[in-house]
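Student: return a 3D structure for these sequence lines:
(2 chains)
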2 protein chains.
Amino acid sequence: MIKIAIVGFGKIAQDQHLPALQKNPDYQLVAVASRNASLDGVAHYKTLEELLDAVPDLDAVSLCAPPAVRYAQAQLALAHGKHVFLEKPPGATLSEVEALSEQAKAAGKTLFASWHSRYAQGVAPAKAWLADKTIKAVQVNWKEDVRVWHPGQTWIWEPGGMGIFDPAINALSIVTEILPKPFFLKQAALQVPENCQTPIRAQLEFSYERGAAIQADLDFLQTGPQTWDIHVETDQGKLTLSKGGSQIYINDQLEKEGPDEEYPGLYARFAELVKSGQSDVDVAPLRHVADAFMYGRRETIEPFHEDKQ
Amino acid sequence: MIKIAIVGFGKIAQDQHLPALQKNPDYQLVAVASRNASLDGVAHYKTLEELLDAVPDLDAVSLCAPPAVRYAQAQLALAHGKHVFLEKPPGATLSEVEALSEQAKAAGKTLFASWHSRYAQGVAPAKAWLADKTIKAVQVNWKEDVRVWHPGQTWIWEPGGMGIFDPAINALSIVTEILPKPFFLKQAALQVPENCQTPIRAQLEFSYERGAAIQADLDFLQTGPQTWDIHVETDQGKLTLSKGGSQIYINDQLEKEGPDEEYPGLYARFAELVKSGQSDVDVAPLRHVADAFMYGRRETIEPFHEDKQ
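Tutor: Next up, the predicted model:
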């Protein structure tokens, strides 16, 4: 039984982490640390520091606060000998994730950089199906309406907020998981509203082995139908992951779909890692985002105002 | 004896790589591959492909062309079983360097991501002196005149050209080498001329352990005296690396300075790596640059024109 606390009890913690923890018998949720939110029947602390002082036999923390504070919290928890589960993205910068990874190794504790989309129903079957195929082309279409899915989340437009890459890093986490070989950016165009720091649209082109191209069309201003699709053409037919990875199609035939079990999958994985004394820190999705910021061409476009369309 | 060829025979290859190779008895320079430049008495090929076809017993290549073509060349050379020396930066993106690193491992060949400033005379003594000190604060001042040092190099202002980070990555390569612990970006401001893609000035603030701050003031518009200095305050006095690392001062006393032996040092290291069958690919400096692009706040400033001051 892993005694765990949730740190940062906002929307994602309440909607996803809490139910996943409650139905997994490997965990006992012993506390919540959050400035404003608490949970009936569970010990509450304002800060991680207070939590660590008050609950010395705590085994692990799940860090659900925004990425800007993730390093400071993870560093402190590891220094107190706790296992650490990181919401995505695992940090605001690559260097801090690297430093945490070294710290966890030195402390002999588990660090898990979670990518929830990798636990969507279609992802493991897609990876298995693609393992022995030759990839011809990949098209990622990740198009959603920021006004619907992120109302009031102005941090998305600040440095580190990533703009369209906040959702699109989920697509990158899937593509890096299902393709047998690594790939890397050849060119990128980033459209940045003149009153924002981060892109609202992006078009990326990656190289894959043998001249196969991976293209990604990312859009945060999609009204009407929303699209979270990945199409992979191979020498032996076509695979499509749809609805964020929850549906898998082979040659346009639906092969599998299922209920959303992403966070239960993540917590099952974290329990395995803790038991086996291992860590799982794959920075590939965040590295692709950093590459796009470093290597992409920026175009300034009209300002974005959430209330005006 | 390592049979080596230089690929991309531009200014840096002619000024630095060639003399370093010529005076090192571990190497035999057997060819130059370069579209426009050649060297009397040495076989010349237009492209890496022609070189690889024509000289099957070649052991190694030194890739001195701009970073945008580095991956394609390195991938091809490794696929032909050659050891690879990469000029800095090791690639245009982090993901491609990661992919090369995996490829070299699989091929059992040496990949060396060179950082020439780490071989400046003061760097190894600085690293040794700092090893048992507590770091209090670090100030990096890297200020040079782009018009003097990079005339006509318009690629610096294009995506991937890095702007001020093209020289400042040298500072980052030194700081990551001499400090005992890793550090990571807390905030950054990047001033980007409105007609450029990359910053011409930047101010960075990094976190180091125990609250020590690392600050970097980077400027590509410095006229008059030029500055390539790193100051480190410790619990046991002050260290300064000056003139790009070629001079080391302890408590304002000059301890050592010497002739520029950076490239000879790099080629001595590469020969060691080849002999021992190892690779040396430290992406930390490039990762800090990518972090600055991802996490920095951009400010658009007046346009830059090389000919107008």
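Student: what residues does the stretch 1-150 of chain A have near chain B?
Tutor: By C-beta under 8 Å from any C-beta of the partner chain, the residues of the stretch 1-150 of chain A that approach chain B are A:Tyr71, A:Ala92, A:Thr93, A:Leu94, A:Ser95, A:Glu96, A:Glu98, A:Ala99, A:Glu102. To be clear about C-beta, it is placed using only N, CA and C from the backbone, and glycine gets the same treatment.
Student: tell me the SS of A:Leu29?
Tutor: Three-state call for A:Leu29 (DSSP: H, G, I helix; E, B strand; the rest coil): strand.
Student: what does the helix or strand harbouring A:Gln191 rub up against?
Tutor: According to DSSP states H and E, A:Gln191 maps onto strand A:184-193. Here strand A:184-193 makes contact (C-beta atoms under 8 Å, 6 or more residues apart in numbering or on different chains) with A:157, A:163, A:198-207, A:288, A:291-293, A:295-304, B:71, B:92-93, B:95-96, B:98-99, B:159.
Student: ok, now with 7 Å
Tutor: A:198-207, A:288, A:291-292, A:295-304, B:93, B:95-96, B:99 (C-beta atoms under 7 Å, 6 or more residues apart in numbering or on different chains).
Student: next: stretch A:73-89.
Tutor: A:7, A:12, A:48, A:52, A:58-65, A:67, A:70, A:100, A:103-104, A:107, A:109-116, A:169, A:270, A:274, A:286.
Student: pull out the buried members of these.
Tutor: Buried members of the contacts of stretch A:73-89, counted by 16 or more other C-beta atoms under 10 Å in any protein chain shown: A:7, A:12, A:48, A:52, A:58-65, A:67, A:70, A:100, A:103-104, A:107, A:109-116, A:169, A:270, A:274, A:286.
Student: on that earlier part again, among the residues of the stretch 1-150 of chain A next to chain B, which pair sits farthest apart?
Tutor: Spanning the widest gap among those are A:Ala92 and A:Glu102, at 17.2 Å by C-beta to C-beta.
Student: so between the two, which is more surrounded?
Tutor: More crowded of A:Ala92 and A:Glu102, by other C-beta atoms under 10 Å in any protein chain shown: A:Ala92, with 26 against 13.
Student: domain map for chain A?
Tutor: A:1-112, A:116-256+A:288-299 (the TED database).
Student: nearest to B:Ala216, of those domains?
Tutor: domain A:1-112 (13.5 Å).
Student: just the strands in the stretch 201-309 of chain A please.
Tutor: A:201-207, A:213-219, A:227-234, A:237-242, A:247-250, A:253-257, A:297-301 (DSSP state E, counting those that start in this stretch).
Student: for the fourth one, which positions count as buried?
Tutor: Of the residues in strand A:237-242, those buried by neighbour count under the rule 16+ other C-beta under 10 Å are A:Leu239, A:Thr240, A:Leu241, A:Ser242.
Student: now a ChimeraX select for only the buried ones of the residues of the stretch 1-150 of chain A next to chain B.
Tutor: Only the buried entries of the residues of the stretch 1-150 of chain A next to chain B go into this ChimeraX selection, using 16+ other C-beta under 10 Å:
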select /A:71,92,93,94,95,96,98,99
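Student: dump the residues of the stretch 1-150 of chain A next to chain B to CSV, plus secondary structure and pLDDT.
Tutor: Listed next are these as CSV, based on DSSP: H, G, I helix; E, B strand; the rest coil; pLDDT from 0 to 100:
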residue, secondary structure, pLDDT
A:Tyr71, helix, 94
A:Ala92, coil, 92
A:Thr93, coil, 96
A:Leu94, helix, 97
A:Ser95, helix, 96
A:Glu96, helix, 96
A:Glu98, helix, 95
A:Ala99, helix, 94
A:Glu102, helix, 95
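Student: chain neighbours aside, what residue packs nearest to A:Glu144?
Tutor: A:Gln226 (4.9 Å; C-beta to C-beta, 6 or more residues apart in numbering or on different chains).
Student: neighbours of that neighbour, how many?
Tutor: 14.
Student: contact partners for it?
Tutor: Taking C-beta under 7 Å, 6+ apart, one finds A:Lys143, A:Glu144, A:Asp145 in contact with A:Gln226.
Student: which one of the residues you listed is nearest B:His17?
Tutor: With C-beta to C-beta as the yardstick, the closest approach to B:His17 among the contacts of A:Gln226 comes from A:Lys143, at 47.2 Å.
Student: separation between the closest residue to the closest one other than its chain neighbours and chain B?
Tutor: Using C-beta to C-beta, 6+ apart and skipping residues adjacent in sequence, the residue nearest A:Lys143 is A:Gln222, 3.7 Å away. In this view, A:Gln222 and chain B are 23 Å apart by C-beta to the nearest C-beta, to the nearest Å.
Student: just the buried residues out of the contacts of strand A:184-193, in PyMOL syntax.
Tutor: Applying 16+ other C-beta under 10 Å to those, the buried members can be selected in PyMOL as follows:
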select buried, (chain A and resi 198+199+200+201+202+203+204+206+207+288+291+292+295+296+298+304) or (chain B and resi 93+95+96+99)
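Student: in which helix or strand would I find A:Ser101?
Tutor: Using DSSP H and E, A:Ser101 falls within helix A:94-107.
Student: cool, and A:Pro90?
Tutor: Per DSSP H and E, there is no helix or strand for A:Pro90.
Student: might one say that it is in contact with A:Glu96?
Tutor: No: here A:Pro90 lies out of contact with A:Glu96, judged by C-beta atoms under 7 Å, at a distance of 8.5 Å.
Student: the strands in the stretch 51-200 of chain A, which residues?
Tutor: Counting by DSSP E, counting those that start in this stretch, the strands of the stretch 51-200 of chain A are A:60-63, A:83-86, A:111-113, A:135-143, A:184-193.
Student: format those strands as a markdown table; extra columns: mean pLDDT and distance to B:Glu262.
Tutor: Listed next are those as a markdown table, based on pLDDT from 0 to 100; distance: least, C-beta to C-beta, whole Å:
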| stretch | mean pLDDT | distance to B:Glu262 |
| --- | --- | --- |
| strand A:60-63 | 98 | 42 |
| strand A:83-86 | 98 | 39 |
| strand A:111-113 | 98 | 36 |
| strand A:135-143 | 98 | 42 |
| strand A:184-193 | 97 | 29 |
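Student: low-confidence regions, chain A specifically.
Tutor: A:309 (pLDDT under 70).
Student: residues from the stretch 151-300 of chain A in reach of chain B?
Tutor: Within the stretch 151-300 of chain A, the positions adjacent to chain B are A:159-160, A:182, A:184-185, A:197, A:287-291, A:293-298 by C-beta under 7 Å from any C-beta of the partner chain.
Student: kindly recompute the last result at 10 Å.
Tutor: A:158-162, A:165, A:176, A:181-190, A:192, A:194, A:197-198, A:206-207, A:209, A:283-284, A:286-298, A:300 (C-beta under 10 Å from any C-beta of the partner chain).
Student: can you flag the buried ones in those?
Tutor: Applying 16+ other C-beta under 10 Å to these flags A:159-162, A:165, A:176, A:182-190, A:192, A:197-198, A:206-207, A:283-284, A:286-296, A:298 as buried.
Student: my guess is A:Ala113 contacts A:Asp280, does it?
Tutor: Yes: with contact defined as C-beta atoms under 10 Å, A:Ala113 reaches A:Asp280; the gap is 6.7 Å.
Student: didn't A:Leu179 look like it was pressed against A:Ser173?
Tutor: No: the criterion here is C-beta under 10 Å, and A:Leu179 misses it with A:Ser173 at 11.8 Å.
Student: so for these two, which residue has more residues nearby?
Tutor: A:Ser173 (27 against 22).
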